[in-house]
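Q: Next one to model:
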Amino acid sequence: MFENVVRDILIKKLGKYFKGISKEEINVGMIRGDIELNNLELNEEALSAIPFPIEIRSGCVGHLKISIPWLNLGNAPIIIELSKVVCIVNPRLNQAWDEKYEREKALKNKKKKLIKAEKQKIGAKQEKKKQEKEVKKTGDSFSNKIITKLLGTIILYVEDIHFRYEDNRLPDNVFTCGITLESAYITSSDVDDEVKAN
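A: Numbering: from 1, shown residues only. This is a model prediction of the structure:
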């Protein structure tokens, strides 16, 4: 049951940022505790909810690895490693509102959601009923506490990052710049203290 909760959270969260996340790949990796995905394409809508003046034009992650320490879950960190990250962004254009474009965009999003819902509908009702029974037995607050604790143990390592900004609004005066980072990591202060102690 708990593995199903973790799997569903991973698929939902990763799906916001990457295209083509496969439930089968996640399932196979979950058993081993090491989920490895290669050549993931960045979702252009990944930054749409954030009020950045940029938008993703294209991008990919060469390798994504998520290590889940099942035998020491909650005490040992969940490690997420990204490598060979390439992200090309453009300025977000402040264009006048186009009713036709907005309608088409909304229709496209609705179609995507309907297709996704139809795919998930098969078998989802049975799994949902099973999870609801288990939630009633253990209590929803218990699973929320566990999820909060797990999210506090995440360490994110990123290696070989290339971020490129391209502004081609003026065809005769194209501006391009890039940043390359060898590595970076993000962690909560609690996990960072534990890593330093070891």
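
Q: can you pull the contacts of E41?
A: F18, K19, G20, S58, G59, C60 (CB atoms under 8 Å, 6 or more residues apart in numbering). No exception for glycine: its C-beta is placed from N, CA and C like everyone else's.

Q: you'd agree the first one is up against L40?
A: Think F18. Yes. F18 sits in contact with L40 when judged by CB atoms under 8 Å, with a separation of 4.4 Å.

Q: any residues in contact with both of these two?
A: V61, L64.

Q: picking that back up, neighbour-wise, give me the winner out of the contacts of E41.
A: Comparing the contacts of E41 by number of neighbours (other CB atoms under 10 Å), G59 comes first, having 21 neighbours.

Q: Mean confidence (pLDDT) on the helix or strand harbouring it, please.
A: Assessed by DSSP states H and E, G59 sits inside strand 54-67. Across strand 54-67, pLDDT averages out at 90.

Q: again with stretch 165-175
A: pLDDT averaged over stretch 165-175 gives 86.

Q: How far off centre is it?
A: 30 Å (CA atoms, centre = their mean, to the nearest Å).

Q: buried stuff in that stretch?
A: Within stretch 165-175, the residues scored as buried using 16 or more other CB atoms under 10 Å are Y165.

Q: sorry, back to before: need the contacts of E41 in TSV (columns: distance to R103).
A: Below are these laid out as TSV (distance: CB to CB, whole Å):
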residue	distance to R103
F18	28
K19	24
G20	27
S58	26
G59	28
C60	31
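
Q: per-residue confidence for I35?
A: Taking I35 on its own, its pLDDT is 85.
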